[in-house]
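In: Requesting a structural model of the entry that follows:
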Amino acid sequence: MTKENSFSLSGHVALVTGSSKGLGRAMARALGVAGAKVALNYCHDQGKALEALDEFKRAGGEGMLVQGDVTDEEAVQRIHREVASELGDIDILLVNATCDQPHMPIEQYDWDFYQKMLDFFIKSPYLLTRACLPAMKRNGFGRIINIGSEVFHLGVPNFSAYVAAKGGQNGWSRSMARELAPHGITVNMISPGWIPVERHEKEPQEWKDAYLPTIPVGRWGVPDDLSSTVVYLASEASCFVTGQNIHVNGGLALF
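Out: Residues are numbered from 1 along each chain as shown. Below is the predicted model of the structure:
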């Protein structure tokens, strides 16, 4: 592929989990604008999902909605069948779906909540990757992109369940990068900073006031700040990049 079109995703099919709102919605739109056919996944809120699909199509994207809980094995298999049947083999997998992440001291967590975090950030990428791998290996091309978080690197307190699960997801990505590289499949992670979206609406204002001055570029991140990085990692331009964790947080975490 030449330099002129190495960022084009024409001919590729992407599945973006948790893409009815927030960061997932923006990233799905970016992949569609770059030329990929995109399956936007949601679990519960069909109204938001329909709004996201309408926005996606108005931006020029070609794709579909696919409902399902990506922590459930049978649902993942069904999602994969539906997308492959309508759009073709999935060769770009963007793992973004999440759940509520309350800040609490460890004494207030129970193991069920820890398990929920592990299900979203380790079980989900495992199930999704396993479903997509046969076609990726057969075609000699695949892009697996996990959405992480700066919290693992910053060791944010009173957030142990989420931080631990994101750390596990990071380790899983590194191992899979080594395992799948011989098949033309790259595995990378993007770790955004705190980018306020719908699910942060009830966060205390004092938290936001304290966080903003710590961002070296001097402004809040917005969902579209992730778009270029997502498109790059999904494209041929990143074919020699795997096992990496790219921080998109305005310089807050430097490694």
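In: What helices and strands are in contact with the longest strand seen in the chain?
Out: For the chain, the longest strand by residue count, based on DSSP state E, is strand 185-192. Contact here means 3 or more Cβ pairs under 8 Å, 6 or more residues apart in numbering; DSSP states H and E; on that basis strand 185-192 packs against helix 124-139, strand 142-147, helix 160-180, helix 227-234, strand 245-248. (Each C-beta comes from the backbone N, C-alpha and C, glycine too.)
In: Just put these in CSV and tack on distance to residue 100.
Out: Formatted as CSV, these follow (distance: least, Cβ to Cβ, whole Å):
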stretch, distance to residue 100
helix 124-139, 15
strand 142-147, 16
helix 160-180, 10
helix 227-234, 24
strand 245-248, 22
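In: Compile those into TSV and extend it with columns for mean pLDDT and mean neighbour count.
Out: As requested, the helices and strands packed on strand 185-192 are exported to TSV (pLDDT from 0 to 100; neighbours: other Cβ atoms under 10 Å):
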stretch	mean pLDDT	mean neighbour count
helix 124-139	98	19
strand 142-147	98	26
helix 160-180	96	19
helix 227-234	96	21
strand 245-248	95	19
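In: Out of those, flag the one nearest residue 110.
Out: Proximity to residue 110, assessed across those by Cβ to Cβ, is greatest for helix 160-180 (9.6 Å).
In: picking that back up, distance from the chain centre to the longest strand of the chain, please.
Out: Strand 185-192 sits 8 Å away from the centroid of its parent chain (Cα atoms, centre = their mean, to the nearest Å).
In: now stretch 111-123
Out: Computed by Cα atoms, centre = their mean, the chain-centroid distance of stretch 111-123 equals 16 Å.
In: I'd like the average pLDDT over it.
Out: For stretch 111-123, mean pLDDT rounds to 96.
In: Name the surrounding residues that touch it.
Out: Around stretch 111-123, the neighbours that count as contacts under Cβ atoms under 8 Å, 6 or more residues apart in numbering are 70-71, 97-99, 101, 161-162, 164-166, 168-169, 172.
In: Downstream of the helix or strand containing residue 52, the next helix or strand is which one?
Out: Element membership for residue 52 (DSSP states H and E) is helix 46-58. Scanning forward in sequence from helix 46-58 by DSSP H and E, the next helix or strand is strand 62-67.
In: What residues of that following strand count as buried?
Out: Residues 63, 65-67 are the ones in strand 62-67 that count as buried (16 or more other Cβ atoms under 10 Å).
In: Can you add pLDDT and distance to residue 88 and give those residues back as TSV?
Out: Listed next are the buried residues of strand 62-67 as TSV, based on pLDDT from 0 to 100; distance: Cβ to Cβ, whole Å:
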residue	pLDDT	distance to residue 88
63	98	11
65	98	16
66	98	14
67	98	19
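In: Return the member of these nearest to residue 5.
Out: Among the buried residues of strand 62-67, and counting by Cβ to Cβ, the member closest to residue 5 is residue 63, at 20.5 Å.
In: Which residue, other than its chain neighbours, is closest to that closest one?
Out: Among residues not flanking residue 63 along the chain, residue 38 sits closest, at 3.9 Å (Cβ to Cβ, 6 or more residues apart in numbering).
In: Touching the helix or strand where the one you found lies from outside, list them.
Out: Under the criterion of DSSP H and E, residue 38 resides in strand 37-42. Outside strand 37-42, the residues that touch it by Cβ under 8 Å, 6+ apart are 12-20, 24-25, 28, 31-32, 48-49, 52-53, 56, 61-68, 70, 79, 82-83, 86-88, 90, 97.
In: Please pick the buried ones from these.
Out: The buried subset of these (16+ other Cβ under 10 Å) comprises 12-20, 24-25, 28, 31-32, 49, 52-53, 56, 61, 63, 65-68, 70, 79, 82-83, 87, 90, 97.
In: I'd like to know how far the residue positioned nearest the centre of the chain sits from residue 85.
Out: The residue lying closest to the centre of the chain (Cα atoms, centre = their mean) is residue 96, at 3.0 Å. Using Cβ to Cβ, to the nearest Å, one obtains 22 Å as the distance from residue 96 to residue 85.
In: No further questions, thank you.
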